[in-house]
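> starting from these lines, generate the structure:
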Amino acid sequence: MSGRMQLSSERGFSVVEAIVGIVMLTIGLVGLAKASGLGFSQVTRARQDMQYAADVQQVMDSLRSRGYGLVTSGSATIRGRAVSWTVTNPSATSQLVTVVVQRWGYQNMTRTVQDTLLLYLANRVFPS
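Now for the predicted structure:
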């Protein structure tokens, strides 16, 4: 009896406690790995969005710098991205440039979507 009392009073981990600890550690590491993967994909997506914004800004600045009366309808490809623009004259002293840019969709990365941006150019009329 005294031998049995002595074993139960000793401190240590049982096999069940060790297995529970290992399972909890594994669950934590799997969650950390999934979060890291999601973080990396979000960083990649943010980089693509920044490149998209820079491409669109480049086209818009190029059209704006030409000025009123010098912009004609056209298209271009920037880094594999299709960009087209059409010019209309809503009034005698203004031009409306409609820029259409294609990009990959957010929910479905296998299909492209179109964004439409508007740029107004005005003819400066100085009073006499």
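> and residue 87, how many residues sit next to it?
Neighbour count of residue 87, defined by other Cβ atoms under 10 Å: 16. For glycine as for every other residue, the C-beta is placed from the backbone atoms N, C-alpha and C.
> from what I can see it touches residue 71, true?
Yes - here residue 87 lies in contact with residue 71, judged by Cβ atoms under 8 Å, at a distance of 5.4 Å.
> ok, the closest residue to residue 72 other than its chain neighbours - contacts?
In space, and not counting its chain neighbours, residue 72 is closest to residue 87: 6.1 Å by Cβ to Cβ, 6 or more residues apart in numbering. Residues counted as contacts of residue 87 (Cβ atoms under 8 Å, 6 or more residues apart in numbering) are 71, 72, 73, 95, 96, 97, 98.
> check contacts around the fourth one.
Applying Cβ under 8 Å, 6+ apart, one finds that residue 95 lies in contact with 68, 69, 71, 87, 88, 89, 120, 121, 122.
> pull out the buried members of those.
By neighbour count, with 16 or more other Cβ atoms under 10 Å, those hold 71, 87, 121 as buried.
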